[in-house]
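Next one to model:
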Amino acid sequence: MTSSILTDLRDGILTVTINRPETLNSLTAEAFRAIGEAVAEAAASARAVILTGNDRAFSSGADLLESTKGLDLSEANGIIRSLIDLPVPTVAAVSGPAAGIGCSLALACDCVVMSEQSYLMLAFAKIGLMPDGGATALVAASAGRHRAMQMALTAQKVWAAQALEWGLASEVVAPGEQLNRAREVAEAFVQGAPLGLARTKHAINEATLTCLGEAFSREVEGQNALRSTKDFDEGVAAFTEKRTPSFTGE
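Modelled structure (predicted):
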């Protein structure tokens, strides 16, 4: 495994840690692939999976500089899909930001345990893009259409307590306790009947995420178009220069 993703398999629980602290665990193509490899291995070797980041953050989203060079969104979507389709239960342990496609990764998990000091954010509007990674389906499935619109159109930070109220989190714990609690949840899954858990997970996802494949397609088409706009160039420049962007609709 690449050092940007750390894995630890113990007692039937595979812990996958995003490990790019210098960028608040932003995700490169290499990191996505490493997560995909870990998820593929989990189907054969684990009874539960925990996805987390280092202590400062879950993930700040796709690496912005790499994204401008054409990060393969279809490949990233396939990895998120594999996480949802994984037959073993998954738990996201969230500290700090889970932003952009990092928010999608967290919400793709079956349970989301958030630190009181963590938040979810669809930050795409700040750089002239639209949500991706299945977020247009994942957020709406949990929080409803209007709250999904609010998050996507305003790039609002949804802090843990509000995320719990909106149905985007399973539970909220004290700062620094998210991983310990995620392990407790995962240990309960390990004691469960694997076939029953797999069928249950599949049934609920089929009932609530039937539009996910179409969402992926719409997001890829829209994101590819938006990446060629002047507004996206301005959004990236403003982000790099730490200023407010001036969008023109071009």
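
Grab the nearest non-local neighbour of residue 36.
Of all residues beyond its chain neighbours, the one nearest residue 36 is residue 79 (4.0 Å), with distances taken as CB to CB, 6 or more residues apart in numbering. C-beta: built from backbone N, CA, C; applies to glycine.

With residue 137 instead?
Spatial nearest neighbour of residue 137, excluding adjacent residues (CB to CB, 6+ apart): residue 215 at 3.8 Å.

in which helix or strand would I find that neighbour?
Assigned by DSSP states H and E, residue 215 belongs to helix 212-226.

got it, and residue 184?
helix 178-190.

May I have the biggest helix by length in the chain as CSV, with CA atoms only?
The longest helix of the chain (DSSP state H) is helix 29-45. In CSV, the C-alpha atoms belonging to helix 29-45 read as follows (Å, rounded to 0.1, in the frame of the first residue of the first chain):
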residue,chain,number,x,y,z
ALA,A,29,-5.7,9.5,-8.0
GLU,A,30,-3.0,7.3,-6.2
ALA,A,31,-4.8,7.6,-2.9
PHE,A,32,-8.2,6.7,-4.5
ARG,A,33,-6.6,3.6,-6.1
ALA,A,34,-5.1,2.5,-2.8
ILE,A,35,-8.5,2.8,-1.1
GLY,A,36,-10.0,0.8,-3.9
GLU,A,37,-7.4,-1.9,-3.4
ALA,A,38,-8.1,-2.0,0.3
VAL,A,39,-11.9,-2.3,-0.3
ALA,A,40,-11.3,-5.1,-2.7
GLU,A,41,-9.2,-7.0,-0.2
ALA,A,42,-11.7,-6.4,2.5
ALA,A,43,-14.4,-8.5,0.8
ALA,A,44,-12.2,-11.6,1.3
SER,A,45,-10.4,-10.8,4.5
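
Cool, thanks, signing off.
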